[in-house]
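>>> Need a 3D model of the following:
(one chain, ligands or ions: 2)
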Amino acid sequence: MLTNSKTIGIVLPCYNEEAVLLNSFNLLQEKIYSLIKLKLISDKSFLCFVDDGSKDKTWDLIQKIADNNTVRGIKLSTNFGHQNALVAGLLTMKSEADCLISLDVDLQDDIDVLDEMIRLYNKGNLIVSGVRDNRDNDTFFKKITAQFFYKLMIFMKVKTIYNHADFRLVDSRVLTEFERFNEVSLFLRGIFPLLGFQTANVYYTRKNREAGETKYPLRKMLSFAWNGITSFSTAPLKLIFSLGIVMFFMSIFIGFWVVFASINGQVIKGWASSLLLNLLFAGINMISLGVIGEYIGKIYQEVKHRPRYIIEKVI
Ligand code: UDP
Ligand code: MG
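Numbering: from 1, shown residues only. Ligands and ions are numbered 1, 2, ... in the order given. The predicted structure is shown next:
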């Protein structure tokens with residue numbers, strides 16, 4: 001009867017999410033049942049909660065709901081971060097479903113577009129990305145910084161989808177290819193566009209978090225953005241090179257000016273100007289070294305190639 005409807009798995013990374021978990025589970029279970037009824041998905045479809053080393057009751061709750069046969073649980077040994085938790089879920093579950101959907105457990109992303117995502121998948125799109133149609137719900141600061149970030153990525157020629165985060169459907173064959181990307185510093189929304197395949201977008205309005213608080217405070221958000229830039233673009237290094245060239249020509253120009261001034265007998269007292277120049281060059285040098293250091297640090301991490309996550313238990 002359900003021969004051609006596909007099995008989907010929804011992967012939900014959870015870090016200290018006791019406040020939202022049960023409510024999200026109820027809503028998602030209802031959603032899955034309704035999709036099964038519509039024959040959009042098979043009755044083997046499931047939810048997979050990945051506990052990313054939570055310190056609250058998240059895992060207890062996952063164990064409780066995992067009695068239900070639509071629920072799987074993965075417990076990571078400690079907190080590995082959102083991106084790694086997601087990959088743990090995707091790679092562990094990829095053989096059990098035709099496609100997997102990644103979704104934040106706070107359900108800020110609208111689960112009513114799941115129908116359309118699956119329809120687009122059935123039409124042959126192997127990656128379907130959820131894209132926010134506006135940022136009206138964001139704080140002014142988040143809106144400005146996020147827009148700046150996406151534009152910067154485009155400017156540096158990194159392939160990303162504007163206003164798309166990690167709400168996405170991916171076919172399991174695509175995940176097999178994804179598995180060959182071994183990088184330790186993960187920035188998933190940069191990797192999936194690199195994979196190719198037939199893709200589509202669905203548009204939705206992101207809601208505010210109903211309970212609990214964001215696990216991405218400003219510091220984490222900035223470091224995530226910086227990771228995105230340095231993992232996919234060497235533009236900052238090129239910028240340093242260009243800056244060096246500009247400085248070089250500037251100093252030749254200044255050199256001529258100094259010679260000219262001294263020939264003309266204008267005595268230059270100017271310790272102030274030379275000090276200023278010194279400071280400027282020292283500053284630029286330090287910044288440049290810092291940027292290069294960031295990349296070297298990244299190489300260091302990639303060379304060690306430590307595991308991205310450690311799974312303690314699967315239920
Ligand atoms: N998350 C995680 N590990 C972390 C941080 C976050 O698994 O170290 C999960 C979190 O539980 C949520 C998702 O990642 O399901 C997105 O986090 P959050 O909603 O706090 O981010 P925001 O929506 O505020 O950007
Ligand atoms: Mg959220």
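>>> only C-alpha atoms for contact and neighbour calcs from this point on.
OK.
>>> So which residues of the chain form helices?
For the chain, applying DSSP state H gives helices covering 21-37, 58-65, 82-93, 114-122, 140-155, 172-178, 188-195, 218-232, 235-263, 271-304.
>>> Run a quick check on T78 versus V50, I expect a contact.
No: T78 is beyond contact range of V50, at 11.4 Å (criterion: Cα atoms under 8 Å).
>>> the more surrounded of those two?
Shown here are T78 and V50; by other Cα atoms under 10 Å, V50 has more neighbours (30 against 15).
>>> so who does that one touch?
Contacts for V50 (Cα atoms under 8 Å, 6 or more residues apart in numbering) come out as V11, L12, P13, C14, G73, I74, K75, L76, A85, L86, A88, G89.
>>> Go through those and say which is closest to F148.
Using Cα to Cα, L86 comes nearest to F148 of the contacts of V50, at 25.4 Å.
>>> Now E17, what are its backbone angles?
phi -110, psi 30 (degrees, to the nearest 10).
>>> close enough to count as contact, it and T58?
Yes: E17 lies in contact with T58 (Cα under 8 Å); the separation is 5.8 Å.
>>> residues contacting T78?
With Cα under 8 Å, 6+ apart, T78 has these contacts: D52, G53, S54, I310.
>>> export the residues you listed to CSV and tack on pLDDT?
Below are those laid out as CSV (pLDDT from 0 to 100):
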residue, pLDDT
D52, 96
G53, 94
S54, 95
I310, 95
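>>> what would these look like in TSV with distance to ligand 1 and neighbour count?
Listed next are these as TSV, based on distance: Cα to the nearest ligand atom, whole Å; neighbours: other Cα atoms under 10 Å:
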residue	distance to ligand 1	neighbour count
D52	5	29
G53	8	21
S54	8	19
I310	13	16
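>>> Need the max-distance pair from those.
S54 and I310 (13.9 Å).
>>> Which residues does the nearest residue to T70 once chain neighbours are set aside form beta bridges with?
Once flanking residues are discounted, T70 sits nearest to F46: 4.5 Å by Cα to Cα, 6 or more residues apart in numbering. Note on F46: beta-bridge partners by DSSP bridges are G9.
>>> Tell me, how many residues neighbour F46?
Neighbours of F46 using other Cα under 10 Å come to 24.
>>> residues from the stretch 1-150 of the chain in reach of ligand 1?
The stretch 1-150 of the chain comes close to ligand 1 at residues P13, C14, Y15, E17, D52, N79, G81, H82, A85, D104, V105, D106, as judged by Cα under 6 Å from any ligand atom.
>>> Take these and lay them out in JSON lines including distance to L237.
JSON lines is the format used below for those (distance: Cα to Cα, whole Å):
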{"residue": "P13", "distance to L237": "34"}
{"residue": "C14", "distance to L237": "36"}
{"residue": "Y15", "distance to L237": "35"}
{"residue": "E17", "distance to L237": "39"}
{"residue": "D52", "distance to L237": "34"}
{"residue": "N79", "distance to L237": "31"}
{"residue": "G81", "distance to L237": "27"}
{"residue": "H82", "distance to L237": "28"}
{"residue": "A85", "distance to L237": "30"}
{"residue": "D104", "distance to L237": "34"}
{"residue": "V105", "distance to L237": "37"}
{"residue": "D106", "distance to L237": "38"}
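>>> now for those residues, which pair is the farthest apart?
Longest span within these, Cα to Cα: N79 and D106, 17.6 Å.
>>> quick one: which of these two has more around it?
Each of N79 and D106 has its neighbours counted (other Cα under 10 Å); D106 has more, 24 against 18.
>>> where does the more buried one land on pLDDT?
For D106, the pLDDT comes out at 91.
>>> for the record, mean pLDDT for stretch 123-134?
Rounded mean pLDDT across stretch 123-134 is 92.
>>> what residue ranges in the stretch 151-300 of the chain score low on pLDDT?
For the stretch 151-300 of the chain, applying pLDDT under 70 flags the ranges 266-268, 271-272, 275.
>>> Leaving out sequence neighbours, find the closest residue to L86.
Counting by Cα to Cα, 6+ apart, the residue nearest L86 is P13, at 5.8 Å.
>>> contacting residues around the one you found?
So P13 contacts F49, V50, D51, D52, H82, A85, L86, G89, L103, D104, V105 (Cα under 8 Å, 6+ apart).
>>> Same question for S288.
So S288 contacts L237, I240 (Cα under 8 Å, 6+ apart).
>>> and for stretch 151-164, what are the contacting residues?
129-133, 150, 189-190, 193-194, 229, 232-233, 235.
>>> how about the residues you listed, which pair is most distant?
D133 and A235 (28.7 Å).
>>> So which bits of the stretch 201-315 of the chain are right by ligand 1?
Checking the stretch 201-315 of the chain against ligand 1 by Cα under 6 Å from any ligand atom, the hits are T214, K215, Y216.
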